[in-house]
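> Structure of the sequence below:
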Amino acid sequence: MASSASSVSRTSRSARLGLRATPEQEAVLRRAADISHKSLTDFILDSACHAAEQTLLDQRLFVVSGEQYQTLLDMLDQPAQENQGLQDLFSRTAPWEK
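Numbers count the residues shown, from 1 in each chain. Just a heads-up that it's a prediction; the model follows:
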């Protein structure tokens, strides 16, 4: 997932998000934004989108349609195919076994 949310220009933003922070949290966020040479809004949005993307990528449960599930089952039922690249990989000694 590319970080497309952070590359959106300010002029194309139309959704408004509100949040409340303690003075200490605001100070930390402002300092980090300054160090990153970003506005407070850009820093918070970039950081929040990055965290959201990581959360989504870390999901262990995938919800798919019945058709997609059946397609997966059909693929799993197919006989294994020769894969020279995998054979080469598995024939090598693992680096930690050397």
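> In this structure, where's the longest helix?
Counting by DSSP state H, the longest helix found in the chain is helix 40-57.
> which stretches of this structure have low pLDDT?
Low-confidence segments of the chain, defined by pLDDT under 70: 1-11.
> all helices of it, in order?
Going by DSSP H, the chain shows helices at 23-35, 40-57, 66-77, 84-91.
> Using PDB, list the CA coordinates for the first one.
I take that to be helix 23-35. The C-alpha trace of helix 23-35 is given here as PDB (Å, rounded to 0.1, in the frame of the first residue of the first chain):
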ATOM      1  CA  PRO A  23      -0.800  20.400  25.800                       C
ATOM      2  CA  GLU A  24       2.000  17.900  26.200                       C
ATOM      3  CA  GLN A  25       0.800  15.900  23.200                       C
ATOM      4  CA  GLU A  26       0.500  19.000  21.100                       C
ATOM      5  CA  ALA A  27       4.000  20.100  22.100                       C
ATOM      6  CA  VAL A  28       5.500  16.700  21.000                       C
ATOM      7  CA  LEU A  29       3.600  16.800  17.800                       C
ATOM      8  CA  ARG A  30       4.600  20.300  17.000                       C
ATOM      9  CA  ARG A  31       8.200  19.600  17.700                       C
ATOM     10  CA  ALA A  32       8.200  16.500  15.600                       C
ATOM     11  CA  ALA A  33       6.500  18.400  12.700                       C
ATOM     12  CA  ASP A  34       9.100  21.100  13.000                       C
ATOM     13  CA  ILE A  35      12.000  18.600  12.900                       C
END
